[in-house]
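A.B. asks: Starting from these lines, generate the structure:
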Amino acid sequence: MTPNPLSGLPVSLLDRANALAGVTESEILHGVIARAQRVERLGYRRFWVAEHHGVPGIAGSTPTLLMTAVAGATEHLRVGSGGVMLPNHQPLVVAEQAATLQALFPGRIDLGLGRSVGFTPAVRRALRRDKDAAQQFPEDLVELLGFLGGSAPFTARPQDHGATPVFVLATGQGLKWAAEAGLAVVVGGPSLFRRGTPEAPLAGHEGLARYRREFRPSRWFPTPYVIASATLAVADTPQAARDLVLPEAWALAQSRVAGEFRPLVPVAEIKALHDAGSVTERDRQRVAEHLASGIHGTPEHVRRHVEELVAFTGADEVLVTGGMSDRAGQRRSDELVAELFA
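C.D. replies: Sure, this is the predicted structure:
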């Protein structure tokens, strides 16, 4: 029997609490908790939630509150944020929230940090932040780590003693800051799929190679740790897998026109628009671009491409992302993904 290169590699899941047409936001959030319970039984390592403000297509706005509900409904699954957007908050408050969760659920809480600010002027005004707030991220990160590690000018309560691992959702400069602070990184996006050309293939992910070279051991991580994040959808046929990811690709494509990310609609509704000739060529191109930025297909197809992703990045772990309007198909995909890493 051929060994499975993915066997034993941790697999985790990020659920953004995508809104679905015709489903209440209360039902969406309860569905996130139920999904966490299912993937815990399937052997996933982590279950993360995210922060979005004023987005019609996302029901989750407060990751630490949703983390509390998820952790309380599960037993051993690690629960975290993917992420808390640090520019939107005071570092002390984020540290206190993470430390409180860690005290309530010892050894099970992760703190993933991003540096995005509110998407619209109205959201930024409501958060009392401006577009330049993200520039303060490296200083805010150092301050936050001081509160978690006990080196701040005063002792935050409850004391964390460095128990909560910190992850940086990193691109470019974020990789440098994470390396300097000795933190883990979560990488995603197009850079994971740039493998060069057949004539000049890339040996590996250049940014991650630099992160590993410049990494300074810390109380949080003694060695570099990389999580590769990608949209994954697995089904019994290629078409079924494509149907799972099409609604989110469609919503992302439409957001370029409408200026907002809307609730996911059933795939049949999207196909009806195509059949009626109501989809522009530019929309088709945008959908194709989004579909190409992830991995979807049968188990064997996805396994092969995830193996390539792991080889290219040297990832220590894979974080599955991607919203789906077909909840039964999503459950099946979660099961098949777990089997790939069994």
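
A.B. asks: Keeping just the C-alphas, turn the helix or strand bottoming out on mean pLDDT in the chain into CSV.
C.D. replies: Across the helices and strands of the chain, mean pLDDT, DSSP states H and E gives its lowest value to helix 121-126, namely a mean of 91. The C-alpha trace of helix 121-126 is given here as CSV (Å, rounded to 0.1, in the frame of the first residue of the first chain):
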residue,chain,number,x,y,z
PRO,A,121,-15.7,54.3,6.2
ALA,A,122,-18.9,53.9,8.2
VAL,A,123,-17.5,50.7,9.9
ARG,A,124,-14.2,52.4,10.6
ARG,A,125,-16.0,55.4,12.2
ALA,A,126,-18.0,53.1,14.4
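
A.B. asks: can you give me how far the helix or strand following it is from the chain middle?
C.D. replies: Proceeding C-terminally, helix 121-126 gives way to helix 137-149 as the next helix or strand, assigned by DSSP states H and E. A distance of 21 Å separates the centroid of the chain from that of helix 137-149, by Cα atoms, centre = their mean, to the nearest Å.

A.B. asks: What segments of the stretch 1-150 of the chain are helices?
C.D. replies: For the stretch 1-150 of the chain, applying DSSP state H, counting those that start in this stretch gives helices covering 25-42, 63-73, 91-104, 121-126, 137-149.

A.B. asks: ok, residue 122 touching residue 53?
C.D. replies: No: Residue 122 is not in contact with residue 53 according to Cβ atoms under 8 Å; the separation is 9.7 Å. Every C-beta, even on glycine, is put in place using the N, C-alpha and C of the backbone.

A.B. asks: Now tabulate the helices of the stretch 1-150 of the chain in JSON lines and tack on mean neighbour count and distance to residue 290.
C.D. replies: Listed next are the helices of the stretch 1-150 of the chain as JSON lines, based on neighbours: other Cβ atoms under 10 Å; distance: least, Cβ to Cβ, whole Å:
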{"stretch": "helix 25-42", "mean neighbour count": "17", "distance to residue 290": "21"}
{"stretch": "helix 63-73", "mean neighbour count": "20", "distance to residue 290": "24"}
{"stretch": "helix 91-104", "mean neighbour count": "20", "distance to residue 290": "31"}
{"stretch": "helix 121-126", "mean neighbour count": "13", "distance to residue 290": "23"}
{"stretch": "helix 137-149", "mean neighbour count": "20", "distance to residue 290": "27"}
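
A.B. asks: Between those, which one is closest to residue 210.
C.D. replies: Across those, the minimum distance to residue 210, taken as Cβ to Cβ, is reached by helix 137-149, at 16.4 Å.

A.B. asks: Dump the closest one to CSV, keeping only the CA atoms.
C.D. replies: The C-alpha trace of helix 137-149 is given here as CSV (Å, rounded to 0.1, in the frame of the first residue of the first chain):
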residue,chain,number,x,y,z
PHE,A,137,0.1,46.5,14.1
PRO,A,138,3.7,45.7,14.9
GLU,A,139,3.7,48.0,18.0
ASP,A,140,0.2,46.7,19.1
LEU,A,141,1.5,43.1,18.7
VAL,A,142,4.5,43.7,21.0
GLU,A,143,2.2,45.4,23.5
LEU,A,144,-0.3,42.5,23.4
LEU,A,145,2.5,39.9,23.8
GLY,A,146,3.7,41.8,26.9
PHE,A,147,0.3,41.5,28.5
LEU,A,148,0.0,37.8,27.7
GLY,A,149,3.6,37.0,28.6
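
A.B. asks: counting contacts, what elements does that helix pack onto?
C.D. replies: helix 91-104, strand 109-114, strand 166-169, helix 173-181 (3 or more Cβ pairs under 8 Å, 6 or more residues apart in numbering; DSSP states H and E).
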